[in-house]
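In: sequence and predicted structure below; questions after.
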Amino acid sequence: MTDLFLKMFDMSIASCLFIAAVILLRLLLRKAPKWIMPLLWIMVGVRLLIPLDIRSDFSLVPEVGLSAERADVIYVNQAEAVYAESAEPQSVLEQPAFESAGDTEIKKIWTDIKAIASVVWLTGCLIMLLNALIAYIRLKRGLSDAVRVYYPSDIVKNIPVMESDYVSTPFVLGVLNPVIYIPSGIREGDMDKVLSHEREHISRFDHIVKPVWYTLLCVHWFNPLVWIAYKLMCHDIELACDEKVIKGLDRAGKRAYALSLLCYSVKEGSITTSPLMFGGPDVKRRVKAVMDYRKKSVLNTVLTVLLCMVVTGCFITTRETKEESSVTSLQNNDESENMKSELNALENASTEEIVRIQEGVEKEKRELNTKAEAVEEEAIRLQKEAAQEKMEELEAAAKSIKERQAALQKEEIKKAKEELDAAEKRYFEINELHKEESEYEYVPASGNENDDLELIKEQ
């Protein structure tokens, strides 16, 4: 718990300059758009909520070191600074302690103080949270008789509206499911203005921002600047909603809106646990802002946003300390020496490795040359064997062709001889036939050829 308290204390102290810068900007940017300031307060809340450790040279926030982690870093830095020039550096844990009995007693007292402060801090947190819880329970009990009323959806956008005799001014209650509460008997002419204002709170998530900021206030209750920041944040979110509602109104509309603020205003009282109220804190300033409202130029808005971004960048980061710079330089020197020795060792090892590699390469070259010669001889032998086999195949093919040709010639000669014998036989048959025909001489028996033919046929 002590470490947590010291961490919260460091974050709170580191945020003081950021809060002071936003308060100064708030005074300088009176004519700027009102929606910018709630954004700056959100960034302050982020600085208070999250332990950011972003280092930058342009930061205006010094290092705060009360936490145990930071104390260890300082001790180590001092030890390294003392023993940086030693020929045989030792570990921080191995270095001899030079603390006296008085230093030990002071450390013990400081430890007791931190423990007591942690208990007081935790007690304050619980008291504030309990106060908020009691106030919320009382308010919910008073609103138990609230009755829901219905208005056009274009005004409230499906947000529940409850009417109660317990309240005297409109407000928003609820984080996950916000509800608008209005007093009974509210004037008809004020209804649109009131609902528009509360609807704007919900659309800007103010019903979430304010409880979160109150939680931060419970954690950082010991810091007076956080109390001031919370109060100004509550004022600024009301001013931003007022500006959004009156943006399109004429002079008469602004006057009617200002009268509504005065009509439903409440006493300042305690704003820490109060909800988002229409007639909330600093009504006089809100009325003045409503009546003096003028439309802001684009250039004015852009310059204001840029200025706020620069301020945020300067205060949400942390400046690097001299101790860290010296330690970083010592670490860099040690790293450079280590790197040099490693480079020398690598260079020596690389030289030996290069020689060994060169010898291996030469050996591989010789082996490859021997293998190449053997492969070449084998290729020549295979070529000779292949040529010899090819020649034998060609000779066998030529022999086969010759045998085939001789067989074909024999067949052709035999066939020609047979044809010649058949022709000769036919010749002799024809000669015999001519001889037989020549033995008969044709003498017509009568003058009619046809009769002669018939006679021949009969014979």
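Out: Noted; the coordinates are in hand.

In: could you list the low-confidence segments of the stretch 301-450 of the chain?
Out: Low-confidence segments of the stretch 301-450 of the chain (pLDDT under 70): 320-336, 437-450.

In: show me where it has helices.
Out: 322-438, 449-458 (DSSP state H, counting those that start in this stretch).

In: any chance of these in a markdown table, with mean neighbour count and distance to residue 174 too?
Out: (Glycine included, C-beta is placed from N, CA and C.) Listed next are those as a markdown table, based on neighbours: other C-beta atoms under 10 Å; distance: least, C-beta to C-beta, whole Å:
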| stretch | mean neighbour count | distance to residue 174 |
| --- | --- | --- |
| helix 322-438 | 10 | 46 |
| helix 449-458 | 10 | 145 |
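
In: reformat the ones you listed as TSV; add distance to residue 247.
Out: Listed next are the helices of the stretch 301-450 of the chain as TSV, based on distance: least, C-beta to C-beta, whole Å:
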stretch	distance to residue 247
helix 322-438	49
helix 449-458	144
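
In: nearest to residue 61, of those?
Out: helix 322-438 (14.1 Å; C-beta to C-beta).

In: just checking, what packs against that closest one?
Out: Under the contact criterion of 3 or more C-beta pairs under 8 Å, 6 or more residues apart in numbering; DSSP states H and E, helix 322-438 touches helix 68-82.

In: which one of the helices of the stretch 301-450 of the chain lies nearest to residue 136?
Out: The closest of those to residue 136 is helix 322-438. By C-beta to C-beta, the value is 44.8 Å.

In: determine how far that closest one lies from the middle of the whole chain.
Out: How far helix 322-438 lies from its chain's middle: 59 Å, per C-alpha atoms, centre = their mean, to the nearest Å.

In: check stretch 250-266 too.
Out: Chain-centre distance of stretch 250-266: 47 Å, with C-alpha atoms, centre = their mean.

In: now do the buried residues in that stretch.
Out: 254, 257, 258, 259, 260, 261, 264, 265, 266 (16 or more other C-beta atoms under 10 Å).

In: name the nearest of those residues relative to residue 164.
Out: Nearest to residue 164, judged by C-beta to C-beta, of the buried residues of stretch 250-266 is residue 264 at 13.8 Å.

In: that closest one contacts residue 167, doesn't it?
Out: No - counting by C-beta atoms under 8 Å, residue 264 stays clear of residue 167, with 9.6 Å between them.

In: which non-adjacent residue is nearest residue 239?
Out: residue 34 (4.5 Å; C-beta to C-beta, 6 or more residues apart in numbering).

In: what is the neighbour count of that neighbour?
Out: Per other C-beta atoms under 10 Å, the neighbour tally for residue 34 reads 20.

In: what mean pLDDT does the helix or strand encompassing residue 260 have?
Out: Assigned by DSSP states H and E, residue 260 falls within helix 251-263. The pLDDT scores in helix 251-263 average 83.

In: send the alpha carbons of that helix over as CSV?
Out: Extracted in CSV, the C-alpha atoms of helix 251-263 (Å, rounded to 0.1, in the frame of the first residue of the first chain):
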residue,chain,number,x,y,z
ARG,A,251,-30.7,38.1,-28.8
ALA,A,252,-34.2,37.4,-27.5
GLY,A,253,-33.6,33.7,-27.3
LYS,A,254,-30.3,34.2,-25.4
ARG,A,255,-32.2,36.5,-23.0
ALA,A,256,-34.9,33.8,-22.4
TYR,A,257,-32.2,31.2,-21.9
ALA,A,258,-30.4,33.4,-19.3
LEU,A,259,-33.7,33.9,-17.5
SER,A,260,-34.2,30.2,-17.3
LEU,A,261,-30.8,29.8,-15.8
LEU,A,262,-31.6,32.4,-13.1
CYS,A,263,-35.0,30.8,-12.5
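
In: which residues does that helix contact?
Out: Contact partners of helix 251-263, identified using C-beta atoms under 8 Å, 6 or more residues apart in numbering, comprise 187, 189-190, 193-194, 242, 245-246, 249, 278-279, 283, 286-287, 290-291, 293.

In: and for stretch 381-395?
Out: Counting by C-beta under 8 Å, 6+ apart, no residue sits against stretch 381-395.

In: where does the prediction get shaky in the stretch 151-300 of the chain?
Out: For the stretch 151-300 of the chain, applying pLDDT under 70 flags the ranges 152-156, 266-282.
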